[in-house]
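Novice: give me a model of this one.
(chains A and B)
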Amino acid sequence: MKLLRPEDVELLRALTPAVMKGKIGPGDTAAIERTVQSFDTLLVDLSEPVVAGVHQAFDVLSFGLSRGLMTGQWSSWSKASLQDAESALARLRDSGIGLLNAIYAAVIRLIISAWYLIPENSATTGYPGPPKKVASPTPILAPTQEGTP
Amino acid sequence: MTDLSQVILGSSTDPYNKAAQRGWDIRDASKLSSSLELEADVVIVGTGAGGGTAAETLSQAGLSVVLLEAGPLKTSSQFDMQERAAYRDLYQEGTGRGTKDGGMVILQGRSVGGSTTVNWTTSFRTPPETLKFWAEQMGVSGCSVQEMAPYFQRMEQRLNIHKWPQPPNRNNGMLQRASQKLGYSWDTIHRNVKGCLNLGYCGLGCPVDAKQSMLVTTIPAALDNKAKLVHRARVVKVLRDGDVVTGVEAEALSSDVRGVTGQKITVRASRTILAGGAINSPAVLLRSNVPDPHGLIGKRTFLHPTTLTMAIYEDPIDPFYGAPQSIYSDHFQWQNVHTGPVGFKLEVPPLQPAFAAGFYSAAGEELTRSMDQLNHTQCMIALMRDGFHEQSQGGAVELNDKGQPVLDYPINDYLMEGVRRAFNVMLEMQFASGAKSARPAHKQAKHYMSWKEAKAAVAELDVVAHKATIGSAHVMGGCPMGDDPSRSVAGADGKFHHLDNLYIMDGSLFPTSIGANPQLSIYGLVYKLASNLATQFQA
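Specialist: Below you'll find the model as predicted:
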């Protein structure tokens, strides 16, 4: 990982199946790892101030007392079930404290973006993908008829 | 359904493929192995709507011009319509830019061409209500509808701005249908395109150079006129000799524009023009410690705070394809100009998957089941016209401990009332146009099955920052123009009030938000200011 720290990875492994429920099952380690990897790439593509903010948010969610108080997750994230993760996210979302709502908004947006930025995942939305771009000396617009070029 | 993934595009339109033949002087600062010193009549900081327009105008007048751009030079040969690369390469902070408390996401361009490289081509002249407000309330002279008309006309011709002649895509078509059903005013949008293939990828960089952005119009023209372009060069500060600005100092950025290489670029010029856009232009002034006797630099920065609703229809919508914006409604925009509740403009955004998912404001099965039907999804946005009412003073650009700009823009009750009202207006419109279900961009909301259910639910929602999703693609203000130096940062000629030879020529001059997508407002105003500056040189 380039920017995710070990404790961030642990947190994301727990939260990803809850945020992406319906797409990733809790035991689907390969899909979880791909999403966490994509999250790390996404962070590299953001900016230094954004990454600093994400690390701060993850600190609140990762460490002992604040983790327990803010999310209800008193044991480490590696021990969290899908239900634990869903309940933690709901607490952040529904809290009356703006900072926790902000953390929720940022965390879900980043996990969701990380998942849908993987092209084969974006295809699950009914999106066939963009036109194909080819290097060509002349401008082409070749709408293929029923799959024939 | 039209499946554009089966379409094949050639990439021969890229004007930068012939840069060497045309004798263009383009330098990538990330590749500098020593410091670079340049001299010119004019140095322009930024290559977006303001910088591009100024560069063409001044270089045509025979002046030597150096253009500095913090972002990279990315051109249509590289635009592959994939979301990840586009957000990484073409947007400020990789689309991660936000307000200080995270309450608003800010989509702003950052590559050669600035936001014009990634905007959705929507082109409005500055509304007459806005120009009148500036003249009557903000002390701006010379910008009446009549005085501005020739400049808008000229830029409309230059950028082939015309009413979109093709039928709207279904995403926009639903805004039209809903407006007709409910008796709301609507119209077709003017777009700056030439030979547009109606693909829908304006926001990811036009792959065929149909969009008449600065990247393919004014900047190539300036380069033909011997202007020099240095990209991946971030301006740190303006240089001064007493009360006279003598140029700028910039730092070379690494090839991913996320770090610095240690090399410096110095440009000495008899005139310095800031055109980095709102947020970045005030930041240069703040880093330069220029005189600011009334503490106005960076204040009154406006965003058109924008919220959205998503709706799912029985029939396909395919919101990721087709001209992104072609229909708008100002039905709720101008009831009051500066009294009463905030007005908003209604439009639709293009919905490529990661963008749509990121703004959906849902998680878990509420999100994934909805996103499975993205091809049947319509989205409406309401852009709130901030900066007119006394309770709407905008945000303030500050510098963090590393000198990077941060926009502090808390969302107050005045704007939140607009968000709730916009939710209701847009949800009613979506149900009126046949939506099966619709959902406001609020983390505690869900898809509602009828207008009645939606209305009752919205009344109960806690419409506060972070829970309600609010974003912005229009950054304006922060260096307001005006005749009175106690209320403005620059004159109506763009000249900085407190130092000589320093000009501002971008959207940061606007004393309020525009109340419409701002690109043509910037083109017209900057064409006027740059033409006048060119005349001064000749005198």
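Novice: the one residue sitting closest to the centre of chain A and residue A:11, how far apart?
Specialist: Nearest to the mean C-alpha position of chain A, by Cα atoms, centre = their mean, lies residue A:111 at 1.2 Å. In this view, residue A:111 and residue A:11 are 10 Å apart by Cβ to Cβ, to the nearest Å. The C-beta positions use only the backbone N, C-alpha and C, and glycine is treated the same way.
Novice: in contact with the nearest residue in space to residue B:469 that is not next to it in sequence, which residues?
Specialist: Nearest residue to residue B:469, sequence neighbours excluded (Cβ to Cβ, 6 or more residues apart in numbering or on different chains): residue B:441, at 3.8 Å. Residues counted as contacts of residue B:441 (Cβ atoms under 8 Å, 6 or more residues apart in numbering or on different chains) are B:307, B:308, B:309, B:310, B:359, B:360, B:361, B:468, B:469.
Novice: pLDDT score assigned to residue B:441?
Specialist: Residue B:441 carries a pLDDT value of 98.
Novice: what about residue B:532, how many residues nearby?
Specialist: Residue B:532 has 15 neighbours, counted by other Cβ atoms under 10 Å in any protein chain shown.
Novice: gap between the closest residue to residue B:70 other than its chain neighbours and residue B:263?
Specialist: Distances taken as Cβ to Cβ, 6+ apart put residue B:234 closest to residue B:70, at 4.0 Å, once the chain neighbours are dropped. Per Cβ to Cβ, residue B:234 is found 12 Å from residue B:263.
Novice: do the same with residue B:415
Specialist: 43 Å.
Novice: the more surrounded of the two?
Specialist: More neighbours surround residue B:415 than the other of residue B:415 and residue B:263, with 24 against 18 (other Cβ under 10 Å).
Novice: so where do the strands sit in chain A?
Specialist: A:132-134, A:141-143 (DSSP state E).
Novice: against which helices or strands is the host helix or strand of residue B:528 packed?
Specialist: In the assignment (DSSP states H and E), residue B:528 maps to helix B:519-538. Applying 3 or more Cβ pairs under 8 Å, 6 or more residues apart in numbering or on different chains; DSSP states H and E, one finds that helix B:519-538 contacts helix B:49-60, strand B:122-123, helix B:145-158, strand B:190-192, strand B:260-274.
Novice: quick check: which of these is nearest to residue B:134?
Specialist: Of all the helices and strands packed on helix B:519-538, the one in closest proximity to residue B:134, counting by Cβ to Cβ, is helix B:145-158 (10.5 Å).
Novice: what comes up buried for the closest one?
Specialist: Neighbour counts using 16 or more other Cβ atoms under 10 Å in any protein chain shown place B:145, B:148, B:151, B:152, B:154, B:155, B:156, B:158 of helix B:145-158 among the buried residues.
Novice: same thing with stretch B:125-135?
Specialist: Buried-residue list, stretch B:125-135, by 16+ other Cβ under 10 Å: B:125, B:126, B:127, B:129, B:130, B:131, B:133, B:134, B:135.
Novice: export it as CSV, just CAs?
Specialist: Backbone C-alpha positions of stretch B:125-135 (Å, rounded to 0.1, in the frame of the first residue of the first chain) are rendered in CSV as follows:
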residue,chain,number,x,y,z
ARG,B,125,-24.3,35.3,-20.8
THR,B,126,-24.2,36.9,-17.3
PRO,B,127,-27.9,37.3,-16.4
PRO,B,128,-29.2,40.9,-16.6
GLU,B,129,-30.4,40.7,-13.0
THR,B,130,-26.8,39.9,-11.9
LEU,B,131,-25.3,42.8,-13.9
LYS,B,132,-27.9,45.2,-12.6
PHE,B,133,-27.2,44.0,-9.0
TRP,B,134,-23.5,44.6,-9.5
ALA,B,135,-24.1,48.1,-10.8
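Novice: please list the residues of the stretch 1-150 of chain B that sit near chain A.
Specialist: Proximity of the stretch 1-150 of chain B to chain A, by Cβ under 8 Å from any Cβ of the partner chain, involves residues B:3-13, B:77, B:79-84, B:87-88, B:92-98, B:101-103, B:105.
Novice: drop anything exposed from these.
Specialist: Neighbour counting over the residues of the stretch 1-150 of chain B next to chain A (16+ other Cβ under 10 Å) leaves B:4, B:6-7, B:9-13, B:77, B:79-84, B:87-88, B:92-98, B:102-103, B:105 as the buried ones.
Novice: please consider this matter closed, and thank you.
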